[in-house]
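1. Take this sequence and fold it.
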Amino acid sequence: MSTSTKRNPKGQGSFTENPDGTITYRKGVGSKSDGKRKTLTVTAANRTMCIKLMKQKEQKWEKEKARYSVLGTDTVESLCTRHLDYQVSNGELKPKSIDRREGTIKNQIASYTLGRMQIGAITPADIEDHINDLVKTNLSVSTIEKVLDVLNAAYCWAMARGELESNPVEPIKKSIKKRLSKLEAKAEFDADVIVLSEKEEEQFLDESLKKNSNGSYKYAGGLFGRLLLHTGMRVGEMISLKWKDYDETHGILTINKSTSMCKNRNKADGENGYVATLGTTKNQKARKIGLSLEAKEDLTLIKEYRPGSSEDLICRTKTGKQYTATELEHCMGTIYKNIGFDEKISGLHIFRRTFATRMYEKGAGAKEISAYIGDLESTTLQYYIAIRKKMRIGDRMEQVVPLPV
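-> Model (predicted):
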């Protein structure tokens, strides 16, 4: 038996008789958030039941649409928040990205005049004034660029839904980003990328291995800092590793996941406000890396320090809990302070930058380095490889581009 379709008057959809005798009812109900046509479909024993089911489905669709509907009287803050809610409900963002987006809306949009203005009244000049206000607060360029991206994405989303006719960010986005890039221009005494000098690296490695009188390590996370320095891993990747990820025989490490601390959105009384969330690596590409002799020695020391089975985490506290990035940052901060490092040396990412720079100095190309550390080649060149080197000129340290050899 073949199917037959009968179209109803315009706006009422169509009924199709199926080979098994059931009826399928299709009806267009407007547009989705991406601007494409939204069609609802139900199947039942007869037309009467189809119409009943379609009404229920239409009511559900209207509620869903109203949840994210944007009105011209909405404020910029509410527009950005609605867009974020939509992204969260559709699984478009990782937990850590949700936290960052929330922070951007709360701190750099909602707390300013722009955040309280109605979206329909915003002009490109208003966007430019807001960016100028942010620049005056000495925020980092990357933070200000995130604000621009959040505003642009929210307006694009509303336009795709047919709820706004124009995007005030689009006409000036390119020129603002160009102007922001000039704020990062380097002077002759500035480092392109802040890394540890060879002497500072040696100082760190020596300090990280110091022990107390009872033979225990002075710094609980010192060995983990060394592993970051000798592999260029992200800290989220390292604290996710289990011993089964390390092929000791061949000296190969498998990196296929990353842990980040995110807001506990289902927090019950007594629970922590933040929870560890396991996800894919930042670029969502797993990789296997061959380890240097130094990295293999670090893992040997860690195994002696925290012995475990194949399912145990490599980076564990004395009580067996997973190390967090915050705990490691505090530990490294103590080491930096005890060595007497300059205040510009901070955080954990400096190990990744130092590792990439050392590879470059030994002759590796940006393509090979980016593949090893799991990042884009362009990002590696811009943010991880320091061309200028610290050199002592007279009685002061200078940043000098050495003569290529």
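2. tell me the helices in the stretch 251-400 of the chain, going along the chain?
-> With DSSP state H, counting those that start in this stretch as the criterion, the stretch 251-400 of the chain has helices at 293-305, 325-339, 349-361, 366-373, 377-383.
3. Of these, which is nearest Gly91?
-> Closest approach to Gly91 among the helices of the stretch 251-400 of the chain is made by helix 325-339 (24.0 Å; Cβ to Cβ). For every residue, glycine as well, the C-beta is placed using N, CA and C.
4. The closest one: which residues count as buried?
-> 325, 327-329, 331-332, 334-336 (16 or more other Cβ atoms under 10 Å).
5. what sits against Asp247?
-> Shown in contact with Asp247 (Cβ atoms under 8 Å, 6 or more residues apart in numbering): 253-254.
6. Specify the beta-bridge partners of it.
-> For Asp247, the beta-bridge partners under DSSP bridges are Ile252.
7. And it, how close does it get to Leu253?
-> 7 Å (Cβ to Cβ, to the nearest Å).
8. Over to Gly91?
-> Using Cβ to Cβ, one obtains 30 Å as the distance from Gly91 to Leu253.
9. And Ser14, by the same measure?
-> 58 Å.
10. Arg161 contacts Lys36, correct?
-> No: between Arg161 and Lys36 there is no contact under Cβ atoms under 8 Å: 10.6 Å.
11. Tell me which of the helices of the stretch 251-400 of the chain is the most buried.
-> Greatest average neighbour count among these goes to helix 349-361 (a mean of 22), per mean count of other Cβ atoms under 10 Å.
12. Okay, domains of this protein per the record?
-> The chain breaks down into these domains under automatic domain parsing: 4-66, 76-182, 198-400.
13. Output the contacting helices and strands for the strand or helix carrying Glu202.
-> Per DSSP states H and E: Glu202 is located in helix 198-208. Secondary-structure packing of helix 198-208 (3 or more Cβ pairs under 8 Å, 6 or more residues apart in numbering; DSSP states H and E): helix 222-231, helix 325-339.
14. Go through that helix and flag the buried ones.
-> By 16+ other Cβ under 10 Å, the buried positions in helix 198-208 come out as 200-201, 203-205, 207-208.
15. Do you have the strands of the chain handy? List them.
-> 4-7, 14-17, 23-31, 37-44, 246-247, 252-255, 258-263, 274-279, 287-290, 389-393, 396-400 (DSSP state E).
16. and Pro171, which of the ones you listed is closest to it?
-> Closest to Pro171 of the strands of the chain is strand 23-31 (Cβ to Cβ; 24.7 Å).
17. Distance check, the one residue sitting closest to the centre of the chain against Ala364.
-> In the chain, the centroid-proximal residue (Cα atoms, centre = their mean) is Ser97; its distance is 5.1 Å. Ser97 sits 31 Å away from Ala364, going by Cβ to Cβ.
18. Ile144 now?
-> Relative to Ala364, and taking Cβ to Cβ, Ile144 is found at 33 Å.
19. Between those two, point out the one with more neighbours.
-> Ile144 (22 against 16; other Cβ atoms under 10 Å).
20. Find the residue closest to that one in space, skipping its chain neighbours.
-> Nearest non-adjacent residue to Ile144, counting by Cβ to Cβ, 6 or more residues apart in numbering: Leu134, 4.9 Å away.
21. which residues touch that neighbour?
-> 108, 112, 143-144, 147.
22. Give me the more crowded residue out of Ser14 and Leu253.
-> Neighbours per residue (other Cβ under 10 Å) separate Ser14 from Leu253, with Leu253 holding more: 23 against 13.
23. Just to check, that one is in contact with Leu291?
-> Yes: counting by Cβ under 8 Å, Leu253 touches Leu291, with 5.8 Å between them.
24. intersection of neighbour lists for those two?
-> Taking Cβ under 8 Å, 6+ apart as the contact rule, Leu253 and Leu291 both touch Thr231.
25. Export the domains of the chain to TSV and append columns for mean pLDDT.
-> Formatted as TSV, the domains of the chain follow (pLDDT from 0 to 100):
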stretch	mean pLDDT
domain 4-66	81
domain 76-182	91
domain 198-400	88
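26. got TSV for those domains, with distance to Asp192 too?
-> Converted to TSV, the domains of the chain look like this (distance: least, Cβ to Cβ, whole Å):
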stretch	distance to Asp192
domain 4-66	40
domain 76-182	14
domain 198-400	5
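27. what about the nearest residue to Ala153 once chain neighbours are set aside, how many neighbours?
-> Closest residue to Ala153 apart from its sequence neighbours, by Cβ to Cβ, 6+ apart: His83 at 6.6 Å. Residues lying near His83 (other Cβ under 10 Å) number 23.
28. Pretty sure His83 sits against Leu151.
-> No: using Cβ under 8 Å, His83 makes no contact with Leu151, being 9.8 Å away.
29. phi, psi of Asn90?
-> phi -100, psi 10 (degrees, to the nearest 10).
30. Compute the distance between it and Tyr25, please.
-> Applying Cβ to Cβ to Asn90 and Tyr25 gives a distance of 26 Å.
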